[in-house]
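# could you work out the structure for the sequence below:
(one chain, ligands or ions: 2)
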Amino acid sequence: MNDQQDKSGPAGISVQAESQAPPASGVPFGRPGNNTRVLLIASGKGGVGKSSITANLAVALAHRGKDVAVVDADVWGFSIPRMLGISEPPTVIDDMLIPPEAHGVRCISMGFFADEDQPVVWRGPMLHKALEQFLTDVSWGEPDYLLVDLPPGTGDISISLAGFLPTAEMLVVTTPQAVAQKVAQRAAYMAAKMNITVTGVIENMSWFMGDDGTRYELFGAGGGQALATQLEVPLVGQVPLLPVLRVGADTGNPVAVDQASEAGVVFATMARVVDEDLRPTKRSHPELNLVD
Ligand SMILES: Nc1ncnc2c1ncn2[C@@H]1O[C@H](COP(=O)(O)OP(=O)(O)OP(=O)(O)O)[C@@H](O)[C@H]1O
Ligand SMILES: [Mg+2]
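Ligands and ions are numbered 1, 2, ... in the order given. Alright, predicted model coming up:
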């Protein structure tokens, strides 16, 4: 793809030329009165399971009766449509995209607009515009949850999203080893810089349970709790290494769908913690001081 071809965004909606400053955001999430809870799923490095956790946590929240939307913000390495088993693209009605749905979760992804074999080579400002379109030109309504699967690291996309989604909370995913925990910390530093609250830490690949019932801690132990302690946030959950999780991700059958399975219980518990224990307290309105 060359620069000339770069000028169309998702759904063929024309994209701002690179030299122009991004326009003021018309993103509905985060506007006063909007009640959608926005969760950014982040990590400092790749391959720790952000997308798997996004897809399964979304399904588990939907099982709780929540209206759940997912934005796959990993525009280069999109994986959410495959993980949720969605192959049909969004439909277009009156210039708005109607997102496809699976397992009670609606989602939008660059995967619907790009060929899986072709790399997405857009530069920062183009991506900024594409993400804005994911948030504004999609007929989301006002879901209870908007989960955003971030790309690895702390680059342009995360910064754009933080600007679009000022009320977002961040869940930081890490693996148990100390080195990964240090890397994950970077995502938290970025959140602090962007004025985004870190709500909790999720540890993935925590152990592998052998047939003999022994827990093998293949990637060490304690990293998630250590990071949570350091950030002064709760450890929301620990996800074991489960071959069925990978198979489910590859075949579009998220393990959280089977609520009675080992993985299903893990994600259902995590969804409950997020939905109940970590529900943000109402923002204070100084003008509404209670008189006692
Ligand atoms: N708990 C787990 N048990 C087994 N396999 C897992 C687990 N978590 C993730 N995987 C597998 O590890 C691989 C990487 O996971 P995933 O794509 O979710 O990570 P990611 O952090 O989103 O990666 P990227 O940074 O490339 O976006 C996938 O093949 C996934 O199926
Ligand atoms: Mg991913």
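# and Val198, which helix or strand is it part of?
Per DSSP states H and E: Val198 is located in strand 197-204.
# what does the stretch 51-200 of the chain have sitting close to ligand 1?
51-52, 74, 77, 79, 152 (CB under 6 Å from any ligand atom). Any C-beta I mention is one placed from the backbone N, CA and C, and that applies to glycine too.
# distance check, the residue lying closest to Asn34 once chain neighbours are set aside against Glu217.
Once flanking residues are discounted, Asn34 sits nearest to Pro28: 5.7 Å by CB to CB, 6 or more residues apart in numbering. Separation of Pro28 from Glu217 (CB to CB, to the nearest Å): 43 Å.
# do Val183 as well
19 Å.
# any chance you could map the helices in the stretch 51-200 of the chain?
80-84, 124-136, 156-164, 178-193 (DSSP state H, counting those that start in this stretch).
# format the ones you listed as TSV; extra columns: mean neighbour count and mean pLDDT.
Putting these into TSV (neighbours: other CB atoms under 10 Å; pLDDT from 0 to 100) gives the following:
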stretch	mean neighbour count	mean pLDDT
helix 80-84	25	97
helix 124-136	21	87
helix 156-164	20	85
helix 178-193	19	84
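# got TSV for these, with distance to Ile108 too?
Listed next are these as TSV, based on distance: least, CB to CB, whole Å:
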stretch	distance to Ile108
helix 80-84	9
helix 124-136	5
helix 156-164	13
helix 178-193	22
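# so which of the ones you listed gets nearest ligand 2?
helix 80-84 (8.0 Å; CB to the ion).
# okay, and for this structure, where does confidence drop off?
Residues of the chain that meet the criterion pLDDT under 70 lie in 1-25, 116, 119-121, 282-292.
# that one: strands as residue ranges?
Using DSSP state E, the strands of the chain run over 37-42, 68-72, 91-93, 96-98, 101-102, 105-109, 145-149, 169-174, 197-204, 208-209, 215-216, 235-239.
# now the ones you listed as TSV including mean neighbour count and distance to ligand 2?
Listed next are the strands of the chain as TSV, based on neighbours: other CB atoms under 10 Å; distance: least, CB to the ion, whole Å:
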stretch	mean neighbour count	distance to ligand 2
strand 37-42	26	9
strand 68-72	27	8
strand 91-93	12	25
strand 96-98	17	22
strand 101-102	18	17
strand 105-109	28	11
strand 145-149	25	6
strand 169-174	27	10
strand 197-204	24	12
strand 208-209	14	21
strand 215-216	12	25
strand 235-239	22	14
